[in-house]
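> Return atomic coordinates for the entry below.
(4 chains, ligands or ions: 4)
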Amino acid sequence: MSMQASKTTGIEKETLVTMYRKMLEIRRFEEKVWHLFGRNLIPGTLHLYIGEEAVAVGVCANLKIDDYITSTHRGHGHCIAKGADLKKTMAEILGKKTGYCKGKGGSMHVADAALGNLGATAVVGSAIPIAVGAALSCQLRGTKQVVACFFGDGASNNGTFHEALNMAAIWRLPVLFVCENNLYAMGTRISNVTAIENIADRASAYGMPGVIVDGNDVIEVYRAAKEAVDRARNGGGPTLIECKTYRHKGHSRFDPAKYRPPDEVEEWMKKDPILRFRNTLIEEGVLTEKQADEIDRQITETVEEAAQFAVKSPYPQPEEALEDVFVKLR
Amino acid sequence: MSMQASKTTGIEKETLVTMYRKMLEIRRFEEKVWHLFGRNLIPGTLHLYIGEEAVAVGVCANLKIDDYITSTHRGHGHCIAKGADLKKTMAEILGKKTGYCKGKGGSMHVADAALGNLGATAVVGSAIPIAVGAALSCQLRGTKQVVACFFGDGASNNGTFHEALNMAAIWRLPVLFVCENNLYAMGTRISNVTAIENIADRASAYGMPGVIVDGNDVIEVYRAAKEAVDRARNGGGPTLIECKTYRHKGHSRFDPAKYRPPDEVEEWMKKDPILRFRNTLIEEGVLTEKQADEIDRQITETVEEAAQFAVKSPYPQPEEALEDVFVKLR
Amino acid sequence: MKELTYVEALNEALREEMMRDERVFLIGEDIGPYWEGAFKVTKGLAKQFGVERVRDTPISEACIVGAAVGAAMTGMRPVAEIMFGDLLTLAMDQIANQAAKIHYMFGGQLKVPLVIRSPFGAGKSIAAHHSQSLEAWFMHTPGLKVAVPSTAYDAKGLLKTAIRDDDPVMFFEHKLCYTTKSMIPEEEYLIPFGEADVKREGSDVTVFATFWMVHQALKAADKLSKKGIEIEIVDPRTLVPLDKETILDSVRKTGRLLIVEEDCKTCGIGAEIAAIVSEEAFDYLESPIKRIAEPDTPIPFSPVLENYVIPNDEAIVKGVIDLLES
Amino acid sequence: MKELTYVEALNEALREEMMRDERVFLIGEDIGPYWEGAFKVTKGLAKQFGVERVRDTPISEACIVGAAVGAAMTGMRPVAEIMFGDLLTLAMDQIANQAAKIHYMFGGQLKVPLVIRSPFGAGKSIAAHHSQSLEAWFMHTPGLKVAVPSTAYDAKGLLKTAIRDDDPVMFFEHKLCYTTKSMIPEEEYLIPFGEADVKREGSDVTVFATFWMVHQALKAADKLSKKGIEIEIVDPRTLVPLDKETILDSVRKTGRLLIVEEDCKTCGIGAEIAAIVSEEAFDYLESPIKRIAEPDTPIPFSPVLENYVIPNDEAIVKGVIDLLES
Ligand SMILES: Cc1ncc(C[n+]2csc(CCOP(=O)(O)OP(=O)(O)O)c2C)c(N)n1
Ligand SMILES: Cc1ncc(C[n+]2csc(CCOP(=O)(O)OP(=O)(O)O)c2C)c(N)n1
Ligand SMILES: [Mg+2]
Ligand SMILES: [Mg+2]
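Ligands and ions are numbered 1, 2, ... in the order given. All right, here's what the predicted structure looks like:
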């Protein structure tokens, strides 16, 4: 298959394998989380990233450790793609003291700030201005850092999107606006609440490049992000990248997602980003079947260890609720 | 001048004269207000509409009495264009009991609700969603009313613009978004804070028609608004109309507007919408010089009467401050 | 009579009002046929009344409220849903500057018969962005009425009143109250605004409580009763207008006031109650007024932490005993 | 020593801090070279530090604050200006859900050393959308510090402290205070947060006041003094952290408390002060606590109406006398 054969060309083998590992890490992690939720070990709610792994991974593969990301309520994938430790991520989701946020954040807010993750926000769209500010900071400090801002299709109809994209554009800030268009915001089909078909087309309202990519093809995401990151680092300003993708599960752990037509679901299941990438890697000789299986085995083990760690970790002490309101208590 | 000759074609003479009267009414009114402010008779601040008269008038000439408008801090012109009584308008601006809002609103909030003016808001951009709601109401009630929503260039960078235009578009609501692009928001050149040149181009982000007109040419405004109003009334949905215009004075009564290059000011002064329209009307034989002068004389008199009325009117009683918080005091 | 949950009671109120008055319509995110409200309050309504009157919106909180304001000003009676009270922050200009001020600012020319429904409250481990109780902000915004039903019965009666009110009403609900149940009359009833309900009579200490705290206070009352202490639980039901008289009467009777509130303490609704009582019933107070509230922290995620910050029946029992001993 | 207005003092604070620390930058509408701030607080700063560090923005309040939050989290020390306090409503999510909660929600991993400057207050006949005093909302939002300088001296010292603080600070100014003057030392000074200032000592009644009300109270004090009544004026200077001790000490001394606040009464900052004092100094109170505040109305435009709603020195004189007679 000559088309397939050209897919990975020009991307280093190591990068390809790392991306594959990360995607699988997210997938197995999320499956585990789903399972633990079923066992009542996870408080609150859950928004799984399963099916969308190519987006976070394809983007973050272009980022350095000191580049920033902002994340969302559906943030486990972003967190892991930026390099987070699975143990601390899992522990946070279980509300444990050993979690990244000492149990204060949970699933909707888990983030490793030391790796440039500026946090997962549960207010849809609210991190878009924050990403602009981080990018402004990069520009003002003159570091060549860039910012990748993840948000959903639903977020693109919030006023923050408009204000932020305009501000980033006028100041030519080093930021990628990565819209994860998974076709739904909760039960709402994005086409029912959005006046145009492609969110990327809104880029023209801000005079910035807008790109549409197959968000289930990590190579496509990677290439689009690379171009945007390069442009941003070199002072060329922001880019809006719309990744068309799909969540395999419902919006949250409680949602049976009955509002989605079965054939739509089926079709997208066939486009599973991990399966596709695995096939590509094997077809193009980057990995053998055996190597791919071995990677899966390793990751499953690591995820299992993370789960063990999280389950066994202690809860915070109740009084810790009073800490961290201010940097120093006065 | 054949180009000029064709200008008024197809517009009824009565409409043309009415528009001319309204524009002049606004101009003379504003001049009076400027003068009264100088005499310390007007509390607070003032945002004059002088120079932008063609916009409000060209749009409102297409509206019926039960159509709605929403207005801004620079709202005297909208108020008068929709048919408001000059006396009550002036009295309100002076803080008198006889004013439209019984002295509670003042310059920034003066409005005649009975004429479909849904109020002037001083929070930039905040009336755009309200206009959408009024249009939704028209649609739900199945009346064929339409809504004209006035706002400035500065407002178009606020999140409300984005949310409102999207919502109006998805529901095909009968609303005109009329952007009065006077090139500045206070001292800020719109081009310094906006990523693209024409605000009308943002219409494409909402799949609605976007039109740019010479906002100092009332005929152009009238024609564009007519098309949009017809479309809206017939279920064709919203339109974004950008009127390029200029305020002759500073942003507010206190602003010497030194941030504007003198030659820019000069050039726009030459494009004075009233002078131009007067010339057109005379050239095309709609009015004679004498008739035009007579209109001016009449209006100057009416404005003077309004001023007299306002100056002589009583202030509200202090305790009236406690009224109107709720529809019925409980 | 029939037993309904708070959610069902709200649903019934919406349904009845939509049947009664075709100007009533609902607008909000995921309230339509696909989701029927994040907490299912709008269940079946889109089916019955159509998607024109039960409108799913984009994620545009400011515009949801703004559009509802505009519709309310022009002859409709919108009920807007903001999915979580924490998200009202995105619509504060429309709520506090527009809805609340339009009637006044235009000298009574315009009115805004609008209801904004939104749930407050912690206890579901959904962390800082989904657990706040911000009633106090809205009490501090002249021009808004504020309803805070604690029971299914109150929820239904107050929501119907809210919809018929000519002023903007912030109609707050509580996530943990959603599953509580009341007996609901078959016949129609409305509960007037500004009438507190004494949820339990007693003579020793007045306990002011709203929402979930009413239920905690009722639990505490049982425990205290076994110790021979009888508390009187006053549930204001609406914070604006506030039934000061019922509160003051109770304090005049008991001589002691414990305020139990779920919001964070500083400048919360309890501060106002304490201030009113210390202004107007000072001479009847036999001991200092006491407030039990959440500490001044965001709401943490982990249940261990979250339970620590939310006042409960034990804290109320202790608070009452402290008050009686002081 | 030199005499400066409140505006000049703020300007000097910004200038000094920008010189001291290049991470400090300003962001807001019309703060740059063309307008230099709606109230001229940023006068000359764009000229001195360039438009990179004194950034004019679009009319995008949510994004101004959000961008400042993002910059603060990543090593900068932004000072955002929101032109009128009423417009903070457009940025409440960024303020209350993001800035205020980020340090907590992420378990201390991130910090937000951000200052948001914005003026409150009525008295300029600019009506309901430009005259509010919303301090109470922010006091009720854990994670925010709140500064409320009443004098030029306090303004300068507190703003410098705010900029060096590692937490988000809501730095409120008052439109009528802008033209007031203080003697300002030549040498640098900072005023620590959480230290109230007794603006005038007295033994008969404690008057709690902020902002313009401090000036009204000082006027009232002169008048009362002539009648032989000495009031003690306590200006908290920061509402969060709040110097409860100075307030309580004063009340313990005088036995009487008059709270004077410019915001509307219900759930205002005075409610919290009243609640604290009635909880913690109950036994020292010789008469009920009294609040003088704006009534629960929006701010009207006409000066006749506006003057009626804003508390003034006369009202304070009367309030003090009433208290002493009760
Ligand atoms: C501002 C805001 N509005 C509503 C919600 C409730 N809510 C949580 S997730 C969600 C859907 C978000 O959709 P999208 O942005 O497409 O992200 P996705 O969940 O599809 O990844 C909604 C409406 C919220 N958290 N914040
Ligand atoms: C949301 C908001 N931000 C800022 C202000 C302060 N302000 C009043 S008018 C104005 C400029 C508005 O510019 P534009 O929308 O272009 O209208 P114009 O004054 O030019 O008619 C500003 C910034 C405000 N009133 N509301
Ligand atoms: Mg989505
Ligand atoms: Mg303008």
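> ok, and for stretch C:241-257, which residues are buried?
Neighbour counts using 16 or more other Cβ atoms under 10 Å in any protein chain shown place C:241-244, C:246-251, C:254-257 of stretch C:241-257 among the buried residues. For every residue, glycine as well, the C-beta is placed using N, CA and C.
> how many neighbours does the residue of chain A found nearest chain B have?
Going by Cβ to the nearest Cβ, chain B is nearest to A:G159 of chain A, at 1.9 Å. By other Cβ atoms under 10 Å in any protein chain shown, the residues close to A:G159 number 30.
> ok so, going back, could you list which of the buried residues of stretch C:241-257 belong to helices?
Using DSSP state H, the members of these that fall in helices are C:244, C:246-251, C:254.
> Any chance of the residues you listed in a markdown table with pLDDT as columns?
Output for these, formatted as a markdown table (pLDDT from 0 to 100):
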| residue | pLDDT |
| --- | --- |
| C:K244 | 98 |
| C:T246 | 98 |
| C:I247 | 98 |
| C:L248 | 98 |
| C:D249 | 98 |
| C:S250 | 98 |
| C:V251 | 98 |
| C:T254 | 98 |
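> Name the nearest of the residues you listed relative to chain B.
C:K244 (12.5 Å).
> Which pLDDT value goes with the nearest residue to that closest one once chain neighbours are set aside?
Take C:K244 and drop its neighbours on the chain: the residue closest to it by Cβ to Cβ, 6 or more residues apart in numbering or on different chains is C:I276, 6.0 Å away. With respect to pLDDT, C:I276 has a value of 98.
> Also C:S326?
Value for C:S326, per-residue pLDDT: 83.
> That one reaches C:P288, doesn't it?
Yes - contact criterion Cβ atoms under 8 Å: C:S326 and C:P288 qualify, at 6.7 Å.
> Which residue of those two possesses the greater neighbour count?
Taking neighbours as other Cβ under 10 Å, C:S326 and C:P288 compare with C:P288 leading, 19 against 12.
> confidence score at the residue of chain A closest to chain B?
At A:G159, pLDDT is 98.
> Equivalent analysis for A:T9, please.
87.
> now the one 3 residues further on
A:E12 is assigned 96 on the pLDDT scale.
> give me the number of residues near it?
Residues near A:E12, counting by other Cβ under 10 Å: 9.
> Over to A:K270?
Neighbour tally, A:K270, other Cβ under 10 Å: 9.
> Tell me the spacing between it and ligand 3.
20 Å (Cβ to the ion, to the nearest Å).
> do A:E283 as well
Relative to ligand 3, and taking Cβ to the ion, A:E283 is found at 31 Å.
> How about A:S204?
Counting by Cβ to the ion, the gap from A:S204 to ligand 3 is 22 Å.
> Now the residue nearest to C:K244: which helix or strand?
helix C:269-280 (DSSP states H and E).
> Now do that helix: everything it contacts.
By Cβ atoms under 8 Å, 6 or more residues apart in numbering or on different chains, the residues outside helix C:269-280 that reach it are C:135-136, C:139, C:208, C:210, C:239, C:242, C:244, C:247-248, C:251, C:257, C:259-261, C:263, C:265, C:285, C:289, C:291, C:293, D:266-267, D:270-272, D:274-275, D:277-279, D:288-291.
> Now a ChimeraX select for only the buried ones of these.
Paste this into ChimeraX to select the buried members of these, with burial taken from 16+ other Cβ under 10 Å:
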select /C:135,136,139,208,210,239,242,244,247,248,251,257,259,260,261,263,265,285,289,291,293 /D:266,267,270,271,272,274,275,277,278,279,288,289,290,291
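> ok, and which of the contacts of helix C:269-280 reach ligand 2?
Among these, not one lies near ligand 2 by Cβ under 6 Å from any ligand atom.
> so what's C:D21 closest to, chain neighbours aside?
C:R77 is the one closest to C:D21 (Cβ to Cβ, 6+ apart), at 6.3 Å.
> Isn't that neighbour up against C:K160?
No - in this structure, C:R77 is not within contact of C:K160 by Cβ under 8 Å, at 11.8 Å.
> Let's see stretch C:249-262 as PDB, backbone CA atoms only.
The C-alpha trace of stretch C:249-262 is given here as PDB (Å, rounded to 0.1, in the frame of the first residue of the first chain):
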ATOM      1  CA  ASP C 249     -40.000  36.100  66.000                       C
ATOM      2  CA  SER C 250     -38.200  32.800  66.500                       C
ATOM      3  CA  VAL C 251     -35.200  34.400  67.900                       C
ATOM      4  CA  ARG C 252     -37.300  36.500  70.300                       C
ATOM      5  CA  LYS C 253     -38.800  33.200  71.500                       C
ATOM      6  CA  THR C 254     -35.700  31.100  71.800                       C
ATOM      7  CA  GLY C 255     -33.100  33.900  72.600                       C
ATOM      8  CA  ARG C 256     -30.500  32.000  70.700                       C
ATOM      9  CA  LEU C 257     -29.500  31.800  67.000                       C
ATOM     10  CA  LEU C 258     -27.500  29.200  65.200                       C
ATOM     11  CA  ILE C 259     -27.000  29.900  61.500                       C
ATOM     12  CA  VAL C 260     -26.200  26.900  59.400                       C
ATOM     13  CA  GLU C 261     -25.100  27.700  55.800                       C
ATOM     14  CA  GLU C 262     -23.400  25.700  53.200                       C
END
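> That stretch and chain A, are they touching?
No - Stretch C:249-262 lies out of reach of chain A by Cβ under 8 Å from any Cβ of the partner chain, never closer than 14.6 Å.
> Quick check: residues of chain A near chain B?
Close to chain B, as judged by Cβ under 8 Å from any Cβ, chain A has residues A:157-163, A:165-166, A:169-170, A:192-196, A:201-202, A:204-208.
> Can you flag the buried ones in those residues?
Buried among the residues of chain A next to chain B (16+ other Cβ under 10 Å): A:157-163, A:165-166, A:169-170, A:193-196, A:201-202, A:204-208.
> does chain C sit close to the longest helix along chain A?
Ranked by number of residues, the top helix in chain A under DSSP H is helix A:13-38. No - Helix A:13-38 stays clear of chain C (Cβ under 8 Å from any Cβ), getting no nearer than 11.7 Å.
> helix or strand right after that helix?
helix A:53-60.
> Off-centre distance for that following helix?
What separates the centre of helix A:53-60 from the centre of its chain is 6 Å, taken as Cα atoms, centre = their mean, to the nearest Å.
> any idea of the mean pLDDT for that helix?
98.
> about what we covered before: ramachandran coordinates for the residue nearest to C:D21?
Backbone torsions for C:R77, taken as degrees, to the nearest 10, come to phi -130, psi 70.
> A:L281 and A:I295 touch, don't they?
No - applying Cβ under 8 Å as the test, A:L281 and A:I295 come out as separate, 9.9 Å apart.
> so what sits against both of the two?
A:17, A:20, A:287.
> dump the residue contacts of the closest residue to C:D322 other than its chain neighbours.
Closest residue in space to C:D322, ignoring its immediate chain neighbours: C:K290 at 6.9 Å, by Cβ to Cβ, 6+ apart. Residues counted as contacts of C:K290 (Cβ under 8 Å, 6+ apart) are C:257-259, C:319, C:322-323, D:279.
> A:E305 too?
Taking Cβ under 8 Å, 6+ apart, one finds A:86-87 in contact with A:E305.
> ok so, going back, alpha carbons of the helix or strand following the helix holding C:I276, as PDB, please.
Note on helix C:269-280: by DSSP H and E, the next helix or strand toward the C-terminus is strand C:290-294. Extracted in PDB, the C-alpha atoms of strand C:290-294 (Å, rounded to 0.1, in the frame of the first residue of the first chain):
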ATOM      1  CA  LYS C 290     -23.100  31.500  66.000                       C
ATOM      2  CA  ARG C 291     -22.500  30.600  62.400                       C
ATOM      3  CA  ILE C 292     -21.700  27.200  61.100                       C
ATOM      4  CA  ALA C 293     -20.500  27.400  57.500                       C
ATOM      5  CA  GLU C 294     -18.000  26.100  55.100                       C
END
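> quick one: strands adjacent to strand C:290-294?
strand C:257-264 (parallel) (DSSP bridges).
> thinking again about what came up before, could you tell me which residues make contact with the nearest residue in space to the residue of chain A closest to chain B that is not next to it in sequence?
Of all residues not flanking A:G159 in the chain, B:G159 sits nearest, at 1.9 Å (Cβ to Cβ, 6+ apart). By Cβ under 8 Å, 6+ apart, B:G159 lies in contact with A:158-163, B:125, C:62, D:60, D:62-63, D:90.
> That concludes my questions; thank you for your assistance.
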